[in-house]
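**Student:** Make a model of this:
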Amino acid sequence: MQQIVECVPNFSDGRNPEVINAIVTAMAGVSGANVINVSSDVDHNRTVVTIVGSPAGVEEAAFQGIATAKKLINLDEHEGEHPRMGATDVCPFIPVQGVTSADCKAIAYRLGERVGRDLQMAVYYYGLAAKSPSRKALPDIRKGQYEGWKAEIGHKASRKPDEGPEKAATWGATVIGVRQFMAAYNIYLNTERVEVASAIAKAMRDSSGGFRYVQAKGFLVEGQAQVSMNFHNLQRSPIHRVQEAVRREAARYGCTITHSELIGLIGQQALHDAAKWYLQIDEMQDDQVLEYHLQNPSPSEGSLSDFVEATASSAPTPGGGSIAALAGALAAALAQMVSNLTVGRRKYKSVQDEAATIRERAKQLQAELMAAISEDAAAFDAMLEALAPANEEVSDDD
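**Tutor:** This next block holds a predicted model:
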């Protein structure tokens, strides 16, 4: 199975196209890494870049981005709505396919050590890569922002970096870590009163009694109050339920939602769930969406009957490995069917969260096993080719 890692570095510049382009170009030029999204915000003065690719490619791309940002961004001159502590403010790695959180931790530690040593930058580890409980949450590390960090590093033990020099610099510090997939989502209100957005954000966020797995903060962006949110578990706290909660809270202050904004990427399932919720199609299944069938072709890119015929032929592939993978994929599909029949039904309310978790894991397993069908056949064919005796060249010379 192909190994895929996602990295979402946040850079403290959203206003200078030359700087942003230089950083993105440095990362995009790395083999094995693909820049799939760039989102800049002038008011936040921040750019979020999404990279996916092989572990080695993404790790190198992240280093090149951090190195370029160090040269081009001066935090002494930086102003913006979003909290920040470094030129590359935060650099999380997310396991996508064929890798684990432990694999991503190893990437984070290698990168952090290299950044501290070669770039002479202060590095802190957070999230699943945190080396102490006090540094697990990003806001705890970034408390006081760049100005607070600059005044305290070298003087307070709590500011001692995990890697790199213990001294202030104009490029600040970089926080590198590991987390699961997160969606960044902003809601705009028809008011300039940032205190309204802040009050609504407080009602939404987990830490102040709101929705589990949701972080939220109020900002003023382009003359509009904005409720900025990070969703760390879209199954447990669905985006559509939070949207409606924001709408109700806004009505208390005589406000309405004007529009929403997605930063970076979001999983297809979250949008599918939102569509079912708003349209009230409770029994709608994933496979009723046309694109589902286009993204999930039959075994060996053909029909099931073709696959069965190919198995029965004298060809060595598809063989036992492919058959086992198909059986596993079908079992995972059955698990999804049972979960889909459970999620959203009142009589199964007590096991909704567990059913949703099982559904997502089964969906992931199905995709992995479907890919394994052709991978096993290709591997066996390659082995047979390697073991075959080399053809001798026949010469006309005596």
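
**Student:** Can you tell me, leaving aside adjacent residues, what's nearest to residue 134?
**Tutor:** residue 140 (6.2 Å; Cβ to Cβ, 6 or more residues apart in numbering). (Glycine included, C-beta is placed from N, CA and C.)

**Student:** Next, find the distance separating the one you found from residue 127.
**Tutor:** Distance, residue 140 to residue 127, by Cβ to Cβ, to the nearest Å: 11 Å.

**Student:** Which one's more surrounded, these two?
**Tutor:** residue 127 (24 against 14; other Cβ atoms under 10 Å).

**Student:** Tell me who's in contact with the more buried one.
**Tutor:** 92, 136, 138, 177, 178, 179 (Cβ atoms under 8 Å, 6 or more residues apart in numbering).

**Student:** same thing but at 7 Å, please
**Tutor:** Listed by Cβ atoms under 7 Å, 6 or more residues apart in numbering, the contact partners of residue 127 are 92, 136, 177, 178, 179.

**Student:** State the number of residues packed around the fourth one.
**Tutor:** Burial measure for residue 178: 25 neighbouring residues, criterion other Cβ under 10 Å.

**Student:** Wait, it touches residue 126, no?
**Tutor:** No - counting by Cβ atoms under 7 Å, residue 126 is not a contact partner of residue 178; they are 8.5 Å apart.

**Student:** which residue sits closest to residue 130, ignoring its sequence neighbours?
**Tutor:** Here the residue nearest residue 130, using Cβ to Cβ, 6+ apart, is residue 136, at 4.2 Å.

**Student:** per-residue pLDDT, that neighbour?
**Tutor:** You'll see residue 136 listed with a pLDDT of 92.

**Student:** Return the helix or strand in the chain with minimum mean pLDDT.
**Tutor:** helix 290-295 (a mean of 69; mean pLDDT, DSSP states H and E).

**Student:** Next one: the residue nearest to residue 134 from residue 45, what distance?
**Tutor:** 22 Å.

**Student:** Residue 268 too?
**Tutor:** Note on residue 268: its distance to residue 45, by Cβ to Cβ, is 31 Å.

**Student:** Longest helix in this protein, please.
**Tutor:** helix 352-387 (DSSP state H).

**Student:** What residues of it count as buried?
**Tutor:** Within helix 352-387, the residues scored as buried using 16 or more other Cβ atoms under 10 Å are 352, 355-356, 358-360, 362-363, 365-377, 380.

**Student:** Show me how far the helix or strand harbouring residue 34 is from its chain's centre.
**Tutor:** Applying DSSP states H and E as the criterion places residue 34 in strand 33-41. Centroid separation for strand 33-41 versus its chain: 12 Å, with Cα atoms, centre = their mean, to the nearest Å.

**Student:** Parallel or antiparallel, list what pairs with that strand.
**Tutor:** As defined by DSSP bridges, the strand partners of strand 33-41 come to strand 46-53 (antiparallel).

**Student:** What residues does residue 159 make contact with?
**Tutor:** 149, 152, 153.

**Student:** mind redoing it with 6 Å?
**Tutor:** Going by Cβ atoms under 6 Å, 6 or more residues apart in numbering, residue 159 touches 152, 153.

**Student:** what do you get for residue 47?
**Tutor:** Here residue 47 is in contact with 11, 14, 20, 40 (Cβ under 6 Å, 6+ apart).

**Student:** The residue nearest to the first one when sequence neighbours are not counted bridge partners, please.
**Tutor:** Think residue 11. Nearest residue to residue 11, sequence neighbours excluded (Cβ to Cβ, 6+ apart): residue 47, at 4.7 Å. Taking DSSP bridges as the rule, residue 47 bridges to residue 11, residue 40.

**Student:** Which pLDDT value goes with residue 47?
**Tutor:** For residue 47, the model assigns a pLDDT of 96.

**Student:** That one and residue 124, how far apart?
**Tutor:** 20 Å.

**Student:** for residue 42, same thing?
**Tutor:** Going from residue 42 to residue 124 by Cβ to Cβ gives 27 Å.

**Student:** picking that back up, now a PyMOL select for only the buried ones of the contacts of residue 127.
**Tutor:** To isolate the buried ones among the contacts of residue 127 in PyMOL, judged by 16+ other Cβ under 10 Å, type:
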select buried, resi 92+136+177+178+179
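
**Student:** if I look at the most centrally placed residue in the chain, how far off is residue 360?
**Tutor:** Central residue of the chain (Cα atoms, centre = their mean): residue 181, 3.8 Å from the mean position. For residue 181, the distance to residue 360 equals 11 Å [Cβ to Cβ].

**Student:** Same question for residue 28.
**Tutor:** For residue 28 relative to residue 360 (Cβ to Cβ), the value is 31 Å.

**Student:** try residue 62
**Tutor:** According to Cβ to Cβ, residue 62 stands 27 Å off from residue 360.

**Student:** just residue 104 next, same as before
**Tutor:** Residue 104 is 19 Å from residue 360, by Cβ to Cβ.

**Student:** Torsion angles phi and psi at residue 247?
**Tutor:** Note on residue 247: its backbone torsions stand at phi -60, psi -40 [degrees, to the nearest 10].

**Student:** Now the residue nearest to residue 130. Its backbone dihedrals?
**Tutor:** Dihedral angles (degrees, to the nearest 10) for residue 136: phi -70, psi -40.

**Student:** So which residues of this protein form helices?
**Tutor:** Under DSSP H, the chain gives helices at 17-28, 55-72, 101-118, 138-141, 145-152, 194-204, 239-252, 268-279, 290-295, 304-312, 320-342, 352-387.

**Student:** Relative to residue 83, which of these is closest?
**Tutor:** Ranking those by proximity to residue 83 (Cβ to Cβ) places helix 145-152 first, at 5.4 Å.
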